[in-house]
Every structure is written in structure tokens, then in C-alpha cells.
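J.: Turn this into a model:
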Amino acid sequence: MVDQGFNYTNFINSNVDLIIFDSDRDPQALLALLEWVISNSTSYCPRNSSAPECRSAHSSCQDTDAWANNGYRCKYSYGYQGNPYIIDGCKGIRYEHGPAHSCYGICINTHGSFHCRCQNGYGDPFKKGGCITSENSLTGLSIALIVSGGSIVLILVLATPLVARVVKQRREKKLKEKFFKQNHGLLLQQLISRNTDFGERMIITLEELQKATNNFDRSRQVGDGGHGVVFKGILDLNVVAIKKSKIIVQREIGEFINEVAILSQINHRNVVKLLGCCLETEVPLLVMNLFHMGPFIIIFMSMVQSHCHGMID
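T.: All right, here's what the predicted structure looks like:
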């Protein structure tokens, strides 16, 4: 019967009860369950080889207990179903979506089994609602926006110190230009252009004096009086004294410029030579040759200030 395609059904119940069906249409009937087993001299599955009755490639022999005799039967392998007694009788189960096999994603059937995965490649396909859909996942545009946003933030973090430095330099430059005009720097430039006797280094920038004195470091200070502070510095390979005054009278700036122009022309071996001035600060700075004569520096510079009609008090 098996060879002719009889659909063998494996009954697991070993204890069958008689059940009487009582209905108006049918007479009393008797239900009987038949259990088929293979029985031979040993009545057990062969130990060293497969049972010849199990002809399907995906089947195995299984010992069982019959009511009257011991025997064995053929059983399809896990993931397969069909008739294990004929060649190629066992076919792989085609698994589908849903709770039956707990695959809520994409179910891919294989030989006797299946693979389950989410469409987007992430999430839990064995859990209902576990796969992350395109609606609640990051789209390509979202990822691009996040990446570009992160890049912009990184650029801003790196560029902030540079931008702050540029802004500071521009502010300092404008402030220098303001003080230069306020201290009649244009007037001094005109005087220099009219008189060839004026030195070319008459107008000295603040940046040069900052380098000469290491930004007016206290270690370069050589004198401190009521009129201001004197610093020692190196300018054009020469040792110079730089007077940084404390108080200024704005109404006499013009007279101060004229006096500076006059003093710069004095060239005597017994007189400290005025090299120039810096007009890029709120209070102009005087630059002179530094003689190693101690207090004479302070005395001479005080005389210069007095000679300038009290411009720097």
C-alpha cells in the first residue's frame, strides 16, 4: 500500500477509546484507530545502518511500542513532511509569515528549515513589531542631515578660536588707527615729509615696541616715576629706553608733536637722542637711546615731558 502512494499517518496515541456517535441522522457508529508498525526478528531499528523501509533522503527510523508487538516506523526529519517510505517522499516545509513559526519579517525557506530577517536588516524579526520600518527608521536623507550637521558643528568648533582671533586683531587695528589720528599722527607724517632731517624711524609702531620689551614685561622695567614707567628694549639691534606715560592732556597733543619733531633733530654727545614715538596707544610712547647712567634716564625724560608744555603731566 505504501508503494502505491498510501498516505500513511503517524498516530501517536497508544491508548484508543471507543467513542459512540449519537446523532439524529446516523446510526450508532464505532470509531477505531489503527497503528501500523514494522516488525521483524529484532523489532528494533537497525543500529549500524538505516532501515531499508525508510527510503526518503530526509527520513529516519524510530522505535515504537505497538499494542501487541514491538516494532519501528519511519519518520520524516525535522523541517520536512510527507511520506518517508518512498524515494523523495519527504519535502521541506514551506514556512510562511505569522505566529505559526514566529517569523514576522521576511521568511526564507531552506531545505528543512527557514531563515527570518527584517526588511531593513535590523530589528527582531521573531517578535511582533520587532522589525524597524522605514517610517521609524533613519532614512538616507536623515542620515545625510545628521552627518552634515555633525560636520558643520565640528567646523564651527575648530574655527571659533580662529574667528575670535581675527575679530580681536581687527578690533585692535581699528583702535590703533583711532589713537594714531587722535594723537595727530597725520600731522607728524606731514612734518617728516617736509623736513629731510627727520629720521626715517621717527614713527614707531606699537607692535615693534611690544616685541622690543617682550610685551612690556616687568623684567624689562628700569624706572618708575610719577610721570610714567621706563622700559628697556632692543630695537633695530640698539638698546633703547621706552617711556610709557600715565596721564595725558589731549588739548596739547599738537604741541607735543611739534616738540617731538624738534627734539628728534638734536644730536649731541651729551644729550640723549630722541629716536621716535609711538602714537598707536591712548598715551604716546617716547623712544630714546639708553645710556647706562641709572637715574639720568628718568631725569631726562621728565625734562622732555616738561619741555612739551605739560602734554604728559
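J.: Tell me, domain by domain, which residues of this protein belong where.
T.: 138-182, 187-307 (automatic domain parsing).
J.: weakest of those by average pLDDT?
T.: Across those, domain 187-307 has the smallest mean pLDDT, namely a mean of 74.
J.: where do the helices sit along the stretch 201-313 of the chain?
T.: 206-212, 253-263, 296-307 (DSSP state H, counting those that start in this stretch).
J.: Okay, strands next: where are they in the stretch 201-313 of the chain?
T.: 221-224, 228-235, 238-245, 274-278, 285-289 (DSSP state E, counting those that start in this stretch).
J.: What is the longest helix of this protein by residue count?
T.: Longest helix of the chain, by residue count under DSSP state H: helix 140-182.
J.: Pick the most deeply packed of the strands of the stretch 201-313 of the chain.
T.: strand 274-278 (a mean of 24; mean count of other Cβ atoms under 10 Å). Bear in mind the C-beta positions are built from the backbone N, C-alpha and C, glycine included.
J.: where along the stretch 51-200 of the chain do the strands fall?
T.: Using DSSP E, counting those that start in this stretch, strands in the stretch 51-200 of the chain cover 59-65, 70-76, 80-82, 90-92, 106-110, 113-117.
J.: Rebuild those as CSV, extending it with mean neighbour count and mean pLDDT.
T.: Below are the strands of the stretch 51-200 of the chain laid out as CSV (neighbours: other Cβ atoms under 10 Å; pLDDT from 0 to 100):
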stretch, mean neighbour count, mean pLDDT
strand 59-65, 16, 78
strand 70-76, 20, 79
strand 80-82, 18, 80
strand 90-92, 20, 76
strand 106-110, 13, 74
strand 113-117, 15, 74
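J.: May I see these organised as JSON lines, with distance to S39 added?
T.: Below are the strands of the stretch 51-200 of the chain laid out as JSON lines (distance: least, Cβ to Cβ, whole Å):
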{"stretch": "strand 59-65", "distance to S39": "10"}
{"stretch": "strand 70-76", "distance to S39": "4"}
{"stretch": "strand 80-82", "distance to S39": "23"}
{"stretch": "strand 90-92", "distance to S39": "23"}
{"stretch": "strand 106-110", "distance to S39": "36"}
{"stretch": "strand 113-117", "distance to S39": "33"}
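J.: Any idea which of those gets closest to W36?
T.: strand 70-76 (7.1 Å; Cβ to Cβ).
J.: Quick one: residues in contact with the closest one.
T.: Contacts to strand 70-76, defined as Cβ atoms under 8 Å, 6 or more residues apart in numbering, come from residues 10, 36-40, 43-45, 51, 53-54, 56, 58-64, 82, 84-85, 90.
J.: I'd guessed F179 sits against L285; true?
T.: No: with contact defined as Cβ atoms under 8 Å, F179 does not reach L285; the gap is 10.8 Å.
J.: circling back to that earlier point, compare the strands of the stretch 51-200 of the chain and give me the one nearest K211.
T.: Among the strands of the stretch 51-200 of the chain, strand 113-117 sits nearest to K211 (Cβ to Cβ), with 69.6 Å.
J.: quick one: strands adjacent to that closest one?
T.: strand 106-110 (antiparallel) (DSSP bridges).
J.: before we move on, back to that, dump the strands of the stretch 201-313 of the chain to CSV, plus distance to K174.
T.: As requested, those are exported to CSV (distance: least, Cβ to Cβ, whole Å):
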stretch, distance to K174
strand 221-224, 29
strand 228-235, 25
strand 238-245, 22
strand 274-278, 17
strand 285-289, 19
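J.: Nearest to G185, out of those strands?
T.: strand 274-278 (9.4 Å).
J.: Quick one: list the elements packing against the closest one.
T.: Helices and strands touching strand 274-278, by 3 or more Cβ pairs under 8 Å, 6 or more residues apart in numbering; DSSP states H and E, are helix 206-212, helix 253-263, strand 285-289.
J.: Hey, what's the angle from the last one to strand 274-278? Just curious.
T.: In other words, strand 285-289. Going by axes from the mean of the first three to the mean of the last three Cα atoms, to 10 degrees, strand 285-289 is angled at 160 degrees with respect to strand 274-278.
J.: Partner strands of strand 285-289, with direction?
T.: Partners of strand 285-289, by DSSP bridges, with direction: strand 238-245 (antiparallel), strand 274-278 (antiparallel).
J.: now C277, which residues is it bridged with?
T.: Applying DSSP bridges, one finds that C277 bridges with I203, L286.
J.: so it sits right up against K243, yeah?
T.: No: the pair C277 / K243 is not scored as a contact, 9.2 Å apart, by Cβ under 8 Å.
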